[in-house]
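Build the 3D model from these lines:
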Amino acid sequence: MKEVNKKTCFIISPIGPEDSDTRKTADDFLELLVEPALAKYDFVVTRADKIARPSTITADIIRLVQESDLCIIDLTNNNPNVFYECGRRHEAGRPFIQMVRKGDEGSLPFDVSGIRTVIYDLSQPRSVLESQKNSRNGLMR
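Reported below is the predicted structural model:
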């Protein structure tokens with residue numbers, strides 16, 4: 001449910017099972033980078049595993065991909081589900097920011113490699129701050 005006067009941002013990223021390295025990375029991406037970067041813009045940020053209601057998760061994901069005010073797409077590790085949702089977002093013609101972890105930018109497939117993509121780095125505290133700044137700059141385009 002959309003909060004009054006709040007914009008919605010849906011995070012499209014690899015998630016993985018609880019306690020997996022993929023989930024830990026996804027949580028770092030969400031909590032250390034995206035949420036702080038968007039805090040001053042009044043976005044309600046959500047990710048598929050954070051949806052707490054009795055419904056079909058696939059239907060919720062498609063709705064959020066197509067209707068959110070913004071989607072942030074983490075293309076790290078070339079996850080097939082992420083690319084499916086990314087394509088749906090591109091088709092919807094709504095705002096998105098593509099991101100990829102530093103070092104993975106060379107592995108992007110042709111169809112998305114030509115789209116401006118923010119490179120982020122969560123390996124060091126200062127690089128996290130720089131990545132937050134770059135994320136905010138992606139909003140200003």
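
Please report the distance of residue 46 from residue 83.
20 Å (Cβ to Cβ, to the nearest Å). C-betas here are computed from N, CA, C, even on glycine.

Run through who's touching the lowest-mean-pLDDT helix or strand in the chain.
Ranked by mean pLDDT, DSSP states H and E, the helix or strand of the chain with the weakest confidence is helix 125-139, at a mean of 73. By Cβ atoms under 8 Å, 6 or more residues apart in numbering, the residues outside helix 125-139 that reach it are 32-34, 36-38, 41, 70, 72, 97, 99, 102, 116, 118-122.

switch the cut-off to 7 Å
Defining contact as Cβ atoms under 7 Å, 6 or more residues apart in numbering, one finds that helix 125-139 is touched by 32, 33, 34, 36, 37, 41, 97, 118, 120, 121, 122.

helix, strand or coil for the second one?
It stands for residue 33. helix (DSSP: H, G, I helix; E, B strand; the rest coil).

mind listing what it touches?
If a contact means Cβ under 7 Å, 6+ apart, then residue 33 has 120, 122, 128, 131, 132, 135 as its contacts.

what about the chain, any weak spots by pLDDT?
For the chain, applying pLDDT under 70 flags the ranges 1-5, 53-56, 125, 138-141.

For it, which segments count as strands?
Assigned by DSSP state E, the strands in the chain fall at 7-12, 43-47, 70-74, 96-101, 117-120.

got the CA positions of the shortest one in CSV?
It stands for strand 117-120. Output of strand 117-120 as CSV, limited to C-alpha atoms (Å, rounded to 0.1, in the frame of the first residue of the first chain):
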residue,chain,number,x,y,z
THR,A,117,24.6,2.0,-15.3
VAL,A,118,25.8,3.2,-11.9
ILE,A,119,28.8,1.2,-10.7
TYR,A,120,28.8,0.7,-6.9
